[in-house]
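Visitor: fold the following for me, if possible:
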Amino acid sequence: MSMRPKNHPFNQRLRALAASLALPLALATGTLLAVAPPAQAQKRLAPDAAPDDIFLALRQAASSDNAALAQDLAQRLSGYELPSYVDYYRLKPRVRDYSASEQEIRDFLSRWEGQAIADRLRNDWLLALGKTGNWTVFDEQYPKFILNDDTQVKCFALNSRALKGANVADEARALLTSPKDYGQGCSDLIATLAQNGQFSDADVWFQIRQAAENSHATVARRAAVLVDSGDVSVTQVMDRPALMLAKGPGRGAANHQLYIIALGRIARSNPSQAASYLNDAARNLTSQEVALGWAQIALSASYKLVPEASDYWRRAKDAPLSQDAMQWKVRMALRDGDWKTVRKTIEGMPAPLRSDITWVYWLGRALKEDGQNDAARRLFESISPNFSFYGQLALEELGQKIAIPPGPTPPGAGEVALYSQNAGFKRSLKFYQLNLRFEAIREWNWELRNLTDRQLLAAAEFARQSDVLDRMVNTSDRTRAEFDFTQRFPAPHLTEMNAATRPLGMENAWVYGLIRQESRFIKAARSHVGASGLMQIMPATAKFVAKKIGMTEFTADQVNDINTNLLLGTSYLDMVLNNLEGSETLATAGYNAGPGRPRTWRATLPRPVEGAIFAEIIPFNETRGYVKNVMSNATYYAAMFENRPQSLKQRMGTVAPNSNVATDLP
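Guide: Residues are numbered from 1 along each chain as shown. Have a look, this model is predicted:
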């Protein structure tokens, strides 16, 4: 297709967008408008600072894009035991501000080729190449990016192909599903496809609506410049939707689209008010626009679990939906027992989403409800070998219980010893020593690529011997035919655990299942919100529980002590369990999200539902995954401890809409 001329109004809007955002925007013409981030002042270290302290300061300087300080600190680390990272942190800020020469970068890649850090720098370089529109070097380097796990880089790769005339629209639609990962690369891709005609205005508005659904104003603003944006900006509509709704949809497709976005935004706080606005405005909108409006309201209503959400989805008819919206349409149908909508919606999902184990399972259930038992069985059989929540439930649908598979022959000392000499594992253990878990995990996982099951089991055993149990679990989880559940589901500190759980009459399997999800057995784990220890206890919760159980001498620094952490964590879990009528499903949700929230969620139920449905409709992404993982873990632990098959369905139980009195638990 022909490209628009440089003086076309479309390209003028692109340039206006770049100027208004003060951000790099590589246009199809190759133009780059860039503003380098300012260097941040940092505290200088003493001349006699320890090498580890200098290294940590170097890492921070690189993270802050302070190239001058990074250079100074790197010079003080001659002979440091992590030379490739000293080299990386020295170079990284200069790659990001485009001041590093191509030869410097190539020399680095040659020097450290084969290491995880080389792939990390190549990732950084590809981003810089994409932002500057250097497609010749980008196309040379992209096939060498081994992990290829950066959505923005993938967008730049599609953009490069599109600029050379390739039709990448379908690939782009499949990729452009999560605006939080877009960055400049994906916004540039949308601009290119809109400019060369591969994306229609409808495609662009879909991206704007999707960004608005996820509150990513920058993504929405960048895309809005590509279409006729109506009488007000998309930012104004996202920030002050009531003003747009009060004015009405006005005239023109752009104003109607903005009105639809405003409906979704106001529905976040008041779905019924948004529905009232749409009913009043419907006569001025096309039938497709009305359906889009109901879809926006339905999604927001689903997040709030309001009873009317399913009716809103029915009114949305076959409106095009984001992947998030498709999944919530299914969840609301599950809540209501509407298996026909469950089936129709899942079958309408794009193939990658439809093949997710969650929706394979629920499609199987919908087919079974429709009497198509053979088709349902085939789906359950396809996922039942998976050792996860929905794999376990599929196994039960096939008439089996959850048991522990036979273990392999343990790796010998010689097999394990090989990994003590592995340079990547040595770097990983050093990073653990420095409490830099991100780098530690990256180095460890890099070394696991292409290992056989036998090698993975040996590497997992090395992790056990090195007291990094999270890596043992993660490594053993990767085996495909040989399964060692003592590695996948370890039970350390059993004596201390029994001392905490026996007085409460609490099941060890459930607590271990929770710890496996919370901290992966890292004794000094600390979350970004301040939760500590094996059971990830918040400071206020620790203080509250200590007072409740009579620990008069408790101090905050005791929370990472294993005995204290287990005592406080199990005591709090027991309080939550008793407060939620003995339901492990509800108590697990309450431990993660606070005990008041599962009570609120269950109160919205129109009928009693199986525990798996309640878990699936939890409106917090983190808590939804947390409950499923903890309960799956607990089922395997019970099978190990009791040496007999278990039922996950029985453990999940049924959740009814009734709610007991409010709690005073934190």
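Visitor: run through the residues that contact the residue nearest to Pro405 when sequence neighbours are not counted.
Guide: Nearest residue to Pro405, sequence neighbours excluded (C-beta to C-beta, 6 or more residues apart in numbering): Phe483, at 4.9 Å. To be clear about C-beta, it is placed using only N, CA and C from the backbone, and glycine gets the same treatment. Phe483 is in contact with 387, 405, 407-408, 476, counting by C-beta atoms under 8 Å, 6 or more residues apart in numbering.
Visitor: I'd like to know which of the residues you listed is nearest to Ala267.
Guide: The nearest member of the contacts of Phe483 to Ala267, counting by C-beta to C-beta, is Phe387 at 38.9 Å.
Visitor: re earlier: for the residue nearest to Pro405, pull up the helix or strand it's in.
Guide: For Phe483, there is no enclosing helix or strand under DSSP states H and E.
Visitor: okay, it: pLDDT?
Guide: We have a pLDDT of 98 for Phe483.
Visitor: same check on Asp231?
Guide: At Asp231, the pLDDT value in this model is 82.
Visitor: next, it: secondary structure please.
Guide: Secondary structure, DSSP: H, G, I helix; E, B strand; the rest coil: Asp231 is coil.
Visitor: so what's it closest to, chain neighbours aside?
Guide: Asn255 (5.9 Å).
Visitor: contact partners for the one you found?
Guide: Asn255 neighbours (C-beta under 8 Å, 6+ apart): 230-231, 249.
Visitor: in TSV, list those residues along with distance to Gln152 and neighbour count.
Guide: Converted to TSV, these look like this (distance: C-beta to C-beta, whole Å; neighbours: other C-beta atoms under 10 Å):
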residue	distance to Gln152	neighbour count
Gly230	28	21
Asp231	32	13
Pro249	34	26
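Visitor: what backbone torsions are found at the residue nearest to Asp231?
Guide: Dihedral angles of Asn255 (phi, psi; degrees, to the nearest 10) stand at phi -60, psi -40.
Visitor: likewise the one 5 residues further on?
Guide: The phi and psi torsions at Ile260 (degrees, to the nearest 10) take the values phi -60, psi -40.
Visitor: that one: how many residues sit nearby?
Guide: 29 (other C-beta atoms under 10 Å).
Visitor: distance check, the residue nearest to Pro405 against Asn386.
Guide: Distance of Phe483 to Asn386, computed by C-beta to C-beta, to the nearest Å: 12 Å.
Visitor: now do Ser63
Guide: For Ser63, the distance to Asn386 equals 37 Å [C-beta to C-beta].
Visitor: in contact with the nearest residue to Tyr572 once chain neighbours are set aside, which residues?
Guide: Of all residues not flanking Tyr572 in the chain, Val545 sits nearest, at 4.8 Å (C-beta to C-beta, 6+ apart). In this structure, Val545 makes contact with 537, 568, 571-572, 575, judged by C-beta under 8 Å, 6+ apart.
Visitor: helix or strand for Val545, which one?
Guide: Assessed by DSSP H and E, Val545 sits inside helix 539-548.
Visitor: hang on, the earlier thing: so how far is Leu82 from the residue nearest to Asp231?
Guide: Distance, Asn255 to Leu82, by C-beta to C-beta: 57 Å.
Visitor: the helices in the stretch 251-400 of the chain, which residues?
Guide: Assigned by DSSP state H, counting those that start in this stretch, the stretch 251-400 of the chain shows helices spanning 253-267, 271-281, 287-303, 309-316, 323-336, 339-347, 351-354, 357-369, 373-383, 389-397.
Visitor: next one: the stretch 551-666 of the chain
Guide: Under DSSP H, counting those that start in this stretch, the stretch 551-666 of the chain gives helices at 562-579, 584-593, 596-603, 611-616, 621-642, 648-652.
Visitor: so which of those helices gets nearest Ser110?
Guide: helix 621-642 (40.8 Å).
Visitor: buried stuff in that closest one?
Guide: Residues of helix 621-642 classed as buried by neighbour count (16 or more other C-beta atoms under 10 Å): 623-624, 626-641.
Visitor: quick revisit: now do the phi/psi pair for the residue nearest to Pro405.
Guide: According to degrees, to the nearest 10, Phe483 has phi -130, psi 120.
Visitor: so how far is Leu334 from it?
Guide: 31 Å.
Visitor: and if you look at Pro606?
Guide: Separation of Pro606 from Leu334 (C-beta to C-beta): 12 Å.
Visitor: what's the answer for Arg283, then?
Guide: 34 Å.
Visitor: so these two - more neighbours on which side?
Guide: Ranked by neighbour count (other C-beta under 10 Å), Arg283 and Leu334 place Leu334 first, with 22 against 8.
Visitor: quick one: that one and Ile618 touch, right?
Guide: No. Using C-beta atoms under 8 Å, Leu334 is not in contact with Ile618; the gap is 11.9 Å.
Visitor: tell me the first helix or strand C-terminal of the lowest-mean-pLDDT helix or strand in the chain.
Guide: When each helix and strand of the chain is scored by mean pLDDT, DSSP states H and E, helix 9-21 comes last, with a mean of 45. Remark: after helix 9-21, the chain's next helix or strand is helix 51-63, criterion DSSP H and E.
Visitor: same for that following helix, what does it pack against?
Guide: For helix 51-63, the elements it packs on are helix 67-75, helix 83-96, judged by 3 or more C-beta pairs under 8 Å, 6 or more residues apart in numbering; DSSP states H and E.
Visitor: out of the ones you listed, deepest packed?
Guide: Highest mean neighbour count of the helices and strands packed on helix 51-63: helix 83-96, a mean of 22 (counted as mean count of other C-beta atoms under 10 Å).
Visitor: one step back: among the contacts of Phe483, who's most crowded?
Guide: Result: Ser476 is most packed of these (other C-beta under 10 Å), 25 neighbours.
Visitor: what score does that one have for pLDDT?
Guide: For Ser476, the model assigns a pLDDT of 98.
Visitor: that'll do, ta.
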